[in-house]
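Chemist: coordinates for the following, if possible.
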Amino acid sequence: MPVILVTDFLIFLLLILASSYVFYVCKRPLLRAPWADVLKNRVGAISFTVLMFYIFIAVLDSMHFHPRISSSQEKKVVYSNEITSVFDVIASHLRTSTEKTYSAPLSAYQYSKEAAEVSNENSHRDYPRLKYGGRHLTNPNKEIVSDVFSKILKGILIAAVFWIVLLMLITFFYAHKKSSSFYAQIQQIFFSKQNRSLPTILITILVLMIITCVAVQLSFSYHVFGTDKVGQDVFYQALKSIRTGIIIGTVTTLVMLPFAITLGIMAGYFGGRVDDIIQYIYTTLNSVPGVLLIAAAILMLHVYMGNNPEQFTNITERADLRLLFLCMILGITSWTGLCRLLRGESLKLRETEYIVAAKALGVRSFVIIFRHLLPNVMHIVLITIVLDFSGLVLAEAVLSYVNIGVDPTTHSWGNMINSARLEMAREPVVWWSLSASLFFMFVLVLFANLFSDVVRDVFDPRAKKHE
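Modeler: Here you go, the predicted model:
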């Protein structure tokens, strides 16, 4: 039975809006040209591909449903109260392969010693074998290196086969579209100076396929990033945290944009008392520390949930509401910067000749704002969105670390870092939970920043003037 959480609805709404914008841009050469320049840049093409890979995992993890339970009565269909996702089904071997406690990455033994009986009277402490990790090995100390190496080679070969099939499909498509031969189209894809984005994207896809296939091959027999205190697979937790990071970065933007665009343009265009009131609002909001405002809002939500437990019968829906509430608070506290930029740009644009002419001809202010002002400030909106995305992902990690972020039951990099701080103080040190969360978050933030730099260089008119 399908289940649509509030954050799922917002993610799919953003996908529909993004698809509509892509369709709108493709029909207009003037809008299509700057985005083509973004993808012609190698850094832009690589960053775009990596971000799409993250978004693909987040979308799979946003398709929720109640799993069906087998019933003794053939005509009656029974569904579980548990809410799972399509990604949970794909990664079911990771979700169900739970050990007793800590285990190191790619290990066949538990990380801590336990007492083992040798005979009825004697016992000694040793590292017990894992229930799932390396269970197919007879002698892990001798076989594990060669087994891991063989699985890595197998993953690389599978990735190469999938990539070659993808390349052939793309080549046949372009050959049929342009009425050219297969060999000529291969040369056009990889050796043409005009089309530099496609080979860069294809090579990036190959690298991502190799990493994915190798990780999948290893995950069937080992815990790639080890397990945590309760034996859950850390690799699974890091992958599940991708959805939380994407939601924080995108849904917060959806909340922020209406406030920033509407108030910023109105302040710059109308001026006078309207400008004074809007300036007073965002100046007052900026004077309140954001962390304190978020903490107060989360505490209010806790009180509401505690007083109305009948409205939150499912743990997943409760955690989803807290995630949505965090996005709303972050959106309300982060729209002021973009509002300031749009106000300044609107103050400049309202004095231009075409705006003055439109006013003289009696065009209504509403029409002037949406037909003349809004299209000319969209480059600022796009640049701010991509620049703020990585900051919002980092903000979630910091807020969850101080226990005012997402719900503890929600998979997020911030919760992983929060739980790993105690593990770093134990002996021996459990380092892999912190390393896995930092690695996945680092890759997302890094490529988001690289992509935002390319978008800023392409869309910012002032940057073009300096070139």
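Chemist: now do residue 134 against residue 98, distance only.
Modeler: 15 Å (Cβ to Cβ, to the nearest Å). In short, each C-beta sits where N, CA and C put it, glycine included.
Chemist: likewise for residue 275?
Modeler: Residue 275 sits 59 Å away from residue 98, going by Cβ to Cβ.
Chemist: residue 436 now?
Modeler: Look at residue 436 and residue 98: by Cβ to Cβ, they are 17 Å apart.
Chemist: where does pLDDT dip in the protein?
Modeler: Within the chain, the ranges that satisfy pLDDT under 70 run 70-77, 115-124, 192-195, 312-313, 460-467.
Chemist: can you give me the strands for it?
Modeler: For the chain, applying DSSP state E gives strands covering 2-3, 64-65, 68-69, 78-79, 84-85, 114-117, 123-126.
Chemist: so what are the sheet partners of the fourth one and their directions?
Modeler: Read that as strand 78-79. The strands that strand 78-79 pairs with in its sheet are strand 68-69 (antiparallel) (by DSSP bridges).
Chemist: what's the local residue count around residue 50?
Modeler: 21 (other Cβ atoms under 10 Å).
Chemist: just to revisit the earlier point, higher neighbour count, residue 134 and residue 98?
Modeler: Remark: of residue 134 and residue 98, residue 134 carries more neighbours, 20 against 15, as counted by other Cβ under 10 Å.
Chemist: next, give phi and psi for the more buried one.
Modeler: In terms of degrees, to the nearest 10, the main-chain angles of residue 134 are phi 70, psi 20.
Chemist: roughly how far does it sit from residue 297?
Modeler: Using Cβ to Cβ, one obtains 46 Å as the distance from residue 134 to residue 297.
Chemist: quick one on the thing from earlier: mind putting the strands of the chain into TSV with mean neighbour count?
Modeler: Listed next are these as TSV, based on neighbours: other Cβ atoms under 10 Å:
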stretch	mean neighbour count
strand 2-3	12
strand 64-65	20
strand 68-69	11
strand 78-79	12
strand 84-85	20
strand 114-117	10
strand 123-126	11
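Chemist: could I get these as JSON lines with distance to residue 156?
Modeler: Output for those, formatted as JSON lines (distance: least, Cβ to Cβ, whole Å):
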{"stretch": "strand 2-3", "distance to residue 156": "37"}
{"stretch": "strand 64-65", "distance to residue 156": "33"}
{"stretch": "strand 68-69", "distance to residue 156": "37"}
{"stretch": "strand 78-79", "distance to residue 156": "41"}
{"stretch": "strand 84-85", "distance to residue 156": "29"}
{"stretch": "strand 114-117", "distance to residue 156": "37"}
{"stretch": "strand 123-126", "distance to residue 156": "35"}
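Chemist: show the contacting residues for the most centrally placed residue in the chain.
Modeler: The centroid of the chain falls nearest to residue 246 when counting by Cα atoms, centre = their mean (2.8 Å). Residues in contact with residue 246 (Cβ atoms under 8 Å, 6 or more residues apart in numbering) are 11, 54, 55, 58.
Chemist: list just the nearest of those to residue 425.
Modeler: Of all the contacts of residue 246, residue 425 sits closest to residue 54, with 31.2 Å by Cβ to Cβ.
Chemist: so who does the closest one touch?
Modeler: 242, 245, 246, 444.
Chemist: likewise for residue 231?
Modeler: Contacts of residue 231 (Cβ under 8 Å, 6+ apart): 98, 99, 100, 101, 102, 103.
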